[in-house]
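**Q** Sequence below, structure please.
(3 chains)
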Amino acid sequence: MAEDKLKLYEERKKRYLAAMNLEKPDKVPIRLSLSEFVAKHAGYTLQEIYYELEKNIDSINKLLTDYDLDAITGAPSLWWASLHDAVGAKYLKFAGRELDPNTQFQYHEEAYMLPEDYDAFIENPTEWILNTFLPRLHEELSEPGSYRANVSLIKGAAGMAMQQGMNQKAWATWAAEYGGVPAFTAMSKAPFDTLADTLRGLSGIMLDLYQRPEKVKAALEVLIPHNIFYGMATSGGEMEFPLFMPLHRGSFPFLNPKQWAEFYWPSLKQVIEALWSKGKRTLFFAEGNWTPYLESIAELPEKSIVFHVDMTDMAKAKKILGGRFCLSGNIPNMMLAYGKPEEVRDYVKRLIDEYAGDGGFIIDAAAVIQGDAREENIRAVIEAAREYGVY
Amino acid sequence: MTKEIVSKNTFKNLPPGVCVPWEQKLKEMGEIKGDPDIIKKEWEQLDAFAYVYIWWWVQR
Amino acid sequence: MTNLTDELSIAIAELDEDKVMALVRERLRAGVEPLEIVKKLQDGMTRVGELFETGEYYLSELINCGEIMKGAMGELEPSLAGGEQKYRGNIVIGTVKGDIHDLGKNIVVMLLKGTGYNVIDLGVDVPPAKFIEAVKENNAPLLALSVLLTSCLDSMKEVVEEVKKSGLDVKVLIGGPIIDDQFREYCGADYSSNIASDGVKYAEKVFG
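**A** Below you'll find the model as predicted:
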């Protein structure tokens, strides 16, 4: 590790960790949740970064060369499209295949789990996922036991290991050669989201809440230890940086307050508390608007989360959660895509003036930054944060 | 939706991280001539890898 | 706010599925005009939309109501066949090119259908030409465009521009969680909203 890069890494890490511990670092840390933007910046098509791991990883080298970021979220594409092809996964659609070569990947949600699957799922979810869910989700696995199905299992598992190995190597390089610090080092979900996103789908889960609430509750109960385990397993023993938890169906106005309190919150709270008791903090990536639930979220142990603001009322978040948890986010993605650099600068300055004063604040966009963000606006975020964000 | 695949579970109430429990495998292995803890540790490590692969398709 | 007096309308508004199904069957047996039953269902659905707007109902109630409605319409279908259903007007809707998300759009469609409109749903990833073709073919006075991804906003703008260029007499409503007035102006649409129940509100405006 080059001496100066090591120093840079340590400086940035200290800054980032201090904010999450509600301390005042030397400067307000900048953590940008950059995804497809990184490909555009590096001159790759989206098809290239989705399909080719080397390019997906290489695009970050260019980013780290050009931008001064305290924490990065890693290679722009979480998913390797080639691996999805190898198993015939239907859940995601990728650029270059179903979509134009420069179109953002997309989810295709369906109820791959049916109402009658609840009992088998509750009895042994791991076995049910492999034997029933994956053959529905993966075309190559549609006839379990067949040649194609067996091959797809080998490719899938090997693919995951290859992707993980390359990412691990990439993180070592980013740290050593660019002083790049990870924004998070693990991933898990709210049990309700696990059930609602990939398994039952939105319509499915919404009906279940009315037609079979007890099954939903039993399934959530079963998921709690799995989601804790999954978080710890993906952390690989790394405990300083937080775990990434993208939160979906708990945002307003999906569930009514009674449903939220009964179905969404208790299992999520248990997962976060268990992770925290093991020393792992959660990056509570609250997509959408969470304003009505801030009081409940405040019940979590101090510093156990970083509360990320997308469309949540920032002033209320600060009032209710400030001093208890570090806050991040809130720069509108619409502004990054369609606004002018001056507007962006003003917005960042205002965020820092109003919310960063006593520490515990991280600069980031409201949502993941896709290919529509303009270079000059990303630059404006960083410049303004460095100009106004010195304590 | 593709064809119905209904299966009966082989195991019940397994803890997270486990696909095929070591206790089951141990019974099937019969006599172990060396250190069973080494074999157990390695079994469980690969079993956990399979577990993460399976759940990876759901935890997204 | 709609004041409901009919038992069936109230049952729909209260999401009482068993009661809705029982009443539909009972009325069909009693020889009530199927279209009359549909009208009562629509009144209940309108009320559900209003309750969503005022914050008393959430998406979970909307989606549940849509499913109950689907069940009731399934029961009515055999009797409706042959009868001429009167719609309040034609509306073309779809998610713009590049975007395959349809949760929001489907809720809007459900509310519009539920309140008596003939909705031509073009689905997702719809290119501009297809929207224009459908508006022409159905002589639709309202075109509704849905989007979730910010990266597909330009695709929405393109549709609005093409529509305006074509000289068609059609109002354009754009919707999605990230849509605001600023963007409406940017792309030149007539109406915009980020609330699902607004679809019905703007339809009332267009169809009076």
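
**Q** For residue 25, list the residues it contacts.
**A** Let's take chain A. Going by C-beta atoms under 8 Å, 6 or more residues apart in numbering or on different chains, A:Pro25 touches A:Lys14, A:Arg15, A:Tyr16, A:Ala18, A:Ala19, A:Gly359, A:Tyr391. For the C-beta atoms, the positions are set from N, CA and C on the backbone; glycine is no exception.

**Q** I was after chain C.
**A** If a contact means C-beta under 8 Å, 6+ apart, then C:Arg25 has C:Glu75 as its contacts.

**Q** That one and chain A: what is the separation?
**A** Relative to chain A, C:Arg25 is positioned 19 Å away (C-beta to the nearest C-beta, to the nearest Å).

**Q** what pLDDT does that residue get?
**A** pLDDT for C:Arg25: 96.

**Q** Name the SS class of it, please.
**A** Following DSSP: H, G, I helix; E, B strand; the rest coil, the label given to C:Arg25 is helix.

**Q** Could I get the full set of strands for chain C?
**A** In chain C, the strands defined using DSSP state E lie at C:90-95, C:118-121, C:142-146, C:171-175, C:191-193.

**Q** For the ones you listed, give me CSV that also has mean neighbour count, mean pLDDT and distance to chain A.
**A** Output for the strands of chain C, formatted as CSV (neighbours: other C-beta atoms under 10 Å in any protein chain shown; pLDDT from 0 to 100; distance: least, C-beta to the nearest C-beta, whole Å):
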stretch, mean neighbour count, mean pLDDT, distance to chain A
strand C:90-95, 26, 95, 10
strand C:118-121, 19, 94, 15
strand C:142-146, 27, 95, 14
strand C:171-175, 24, 95, 13
strand C:191-193, 20, 93, 13
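
**Q** Including distance to A:Ile122, could those strands go into a markdown table?
**A** Supplementary listing: the strands of chain C in a markdown table, determined by distance: least, C-beta to C-beta, whole Å:
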| stretch | distance to A:Ile122 |
| --- | --- |
| strand C:90-95 | 35 |
| strand C:118-121 | 36 |
| strand C:142-146 | 36 |
| strand C:171-175 | 38 |
| strand C:191-193 | 40 |
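
**Q** follow-up on the earlier one: mark which of the contacts of A:Pro25 are buried, thanks.
**A** Among the contacts of A:Pro25, those that count as buried by neighbour count (16 or more other C-beta atoms under 10 Å in any protein chain shown) are A:Lys14, A:Arg15, A:Tyr16, A:Ala18, A:Ala19, A:Gly359.

**Q** quick one, what contacts the third one?
**A** A:Tyr16 makes contact with A:Pro25, A:Pro29, A:Arg31, A:Asp70, A:Ala71, A:Val181, A:Ala183, A:Ile362, according to C-beta under 8 Å, 6+ apart.

**Q** The fifth one now?
**A** Under the criterion of C-beta under 8 Å, 6+ apart, the contact partners of A:Ala19 comprise A:Pro25, A:Val28, A:Pro29, A:Cys326, A:Gly359, A:Gly360, A:Phe361, A:Ile362.

**Q** Next one: the first one relative to B:Lys33, how far apart?
**A** Put plainly, it is A:Pro25. According to C-beta to C-beta, to the nearest Å, A:Pro25 and B:Lys33 sit 57 Å apart.

**Q** Just give the nearest non-adjacent residue to A:Gly159, would you?
**A** Spatial nearest neighbour of A:Gly159, excluding adjacent residues (C-beta to C-beta, 6 or more residues apart in numbering or on different chains): A:Leu83 at 3.7 Å.

**Q** Is the one you found in contact with A:Ala157, as I believe?
**A** No: using C-beta atoms under 8 Å, A:Leu83 is not in contact with A:Ala157; the gap is 9.9 Å.

**Q** now A:Val306, which residues is it bridged with?
**A** A:Leu283, A:Cys326 (DSSP bridges).

**Q** I'd guessed it sits against A:Phe325; true?
**A** Yes: the criterion here is C-beta under 8 Å, and A:Val306 meets it with A:Phe325 at 6.4 Å.

**Q** who touches both of the two?
**A** Between them, A:Val306 and A:Phe325 share these contacting residues under C-beta under 8 Å, 6+ apart: A:Phe284.

**Q** mind listing the helices for chain C?
**A** Ranges of helices in chain C, per DSSP state H, are C:7-13, C:17-29, C:34-53, C:59-80, C:103-114, C:128-138, C:153-166, C:181-187, C:198-207.

**Q** what is the mean pLDDT for the last one?
**A** Read it as helix C:198-207. Helix C:198-207 shows a mean pLDDT of 91.

**Q** the inter-axis angle of it versus strand C:90-95?
**A** For helix C:198-207 against strand C:90-95, the angle by axes from the mean of the first three to the mean of the last three C-alpha atoms, to 10 degrees is 140 degrees.

**Q** The second one too?
**A** Orientation of helix C:17-29 against strand C:90-95 (the same axes, to 10 degrees) gives an angle of 150 degrees.

**Q** I'd say A:Lys303 and A:Gly359 touch.
**A** No: using C-beta under 8 Å, A:Lys303 makes no contact with A:Gly359, being 11.9 Å away.
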